[in-house]
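**Student:** coordinates for the following, if possible.
(one chain, ligands or ions: 2)
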Amino acid sequence: MLMVAPKCYKCGGVGQVYQAHTGRVLCKKCFEEDIVERVREQIKKYNMIESGDLVLMGISGGKDSFVLLDVLSKLHNPSNLIALTIVEGVTGYNRRIEIERTEEHCMERGVKYITTSFKEEIGYSLEELVSQASRKGVKESPCTFCGVLRRRILNTMARRVGANKTATAHNLDDESQTLLVNVLRGDYNRFFRIHPMSPRLHEMLVRRIRPLRKIYEWETALYAYFNGFGFQAYECPYITLRPTLRAKLRRFLYAYEEKKPGSLMRMMDVYDSLLDKKRPWGDLGELPTCIKCGEPTSYGRDICKVCEIIEKITGV
Ligand code: SF4
Ligand code: ZN
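**Tutor:** Ligands and ions are numbered 1, 2, ... in the order given. A predicted model of the protein is given here:
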């Protein structure tokens, strides 16, 4: 029996990608255009980037971050983009290969590239913090320290280079997991942390944007593969210590999405419809300032999470 390859629903070419959430088949070219178009729509809808904006992108060297770099350099003037890699400082996980690759990708696209590390910015590598934390019996996972410190460094680096926006490569899978975690914890303030463009609740806080928020992880993986971006050479050894609630939700959401394609997209659409109704952070006042370091901190806190972690672990 002669099998006929399905056609791309857009151009009629040879179909290569089945997009389960739309039930459509796309060729490679139309698949890539679809990703760029959906990112463009999100940027436009939430006014994430305006002409003249200087955007600092957090580029870890993973597939999502290369997709962010590639798509933003197609949609925004590359000379107004800066890529930043932050090296956490973990033995055997020094991001050397990823830094070389990122450097190449940035050069090809005319994007400036800078790097820094936890050690340079905070005074401790992640590994040093983790080993001191375990000596002191501090329970938090390395990923918690890592996330808090990376967010801080991205923000301080943005101020240093004069960027007025920071962009991260969170995809739809990441966002829907975070949304569920925050709903389950009943955390109203964090609920809006995944807003496509964070409000400027403190003068030292640079606005954060999340252009890939409506792109599935399998789509970023395929886009990266089609573009020959190469996958991360090594995994962070702390990955197995990730917080368990998120890991459980991740498994649950994957299984649910497989059974009912489009579920994650619909979940984020519900979130978006809440955002569209009113400025959700409208009644939140300015964020407090940390009394130790002068950086912004969360509501109800005197000392920011970064200072808390360092104080708990080092006693300073
Ligand atoms: Fe950081 Fe955790 Fe990712 Fe390692 S696995 S890079 S500690 S967030
Ligand atoms: Zn502080």
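**Student:** how many neighbouring residues does R96 have?
**Tutor:** When neighbours are counted by other C-beta atoms under 10 Å, R96 registers 12. All C-beta atoms are positioned from the backbone trio N, CA, C, and that covers glycine.
**Student:** check R301 too.
**Tutor:** Number of residues near R301 (other C-beta under 10 Å) recorded here: 16.
**Student:** where does this structure dip in pLDDT?
**Tutor:** Within the chain, the set of residues satisfying pLDDT under 70 comprises 1-4, 277-284.
**Student:** how about the strands in it?
**Tutor:** For the chain, the strands defined by DSSP state E cover 17-19, 24-26, 55-58, 81-87, 112-117, 165-167, 207-209.
**Student:** OK, contacts around the residue nearest to D70 when sequence neighbours are not counted?
**Tutor:** Using C-beta to C-beta, 6 or more residues apart in numbering and skipping the chain neighbours, the partner closest in space to D70 is N227 (6.5 Å). By C-beta atoms under 8 Å, 6 or more residues apart in numbering, N227 lies in contact with 32, 66, 70.
**Student:** which of the residues you listed count as buried?
**Tutor:** Burial of the contacts of N227 was assessed by neighbour count (16 or more other C-beta atoms under 10 Å); the buried members are 32, 66, 70.
**Student:** the residues you listed in helices, which ones?
**Tutor:** 32, 66, 70 (DSSP state H).
**Student:** for ligand 1, see how far away the second one is.
**Tutor:** Put plainly, it is F66. 16 Å (C-beta to the nearest ligand atom, to the nearest Å).
**Student:** what does the last one give?
**Tutor:** Between D70 and ligand 1 the distance is 22 Å, computed by C-beta to the nearest ligand atom.
**Student:** residue contacts, the closest residue to A5 other than its chain neighbours?
**Tutor:** Excluding the flanking residues, the one nearest A5 by C-beta to C-beta, 6+ apart is V14, at 5.4 Å. The neighbours of V14, taking C-beta under 8 Å, 6+ apart as the test, are 5, 7-8, 27.
**Student:** correct me if wrong: F191 contacts N182.
**Tutor:** Yes. The criterion here is C-beta atoms under 8 Å, and F191 meets it with N182 at 5.0 Å.
**Student:** so what sits against both of those two?
**Tutor:** Counting by C-beta under 8 Å, 6+ apart, no residue touches both F191 and N182.
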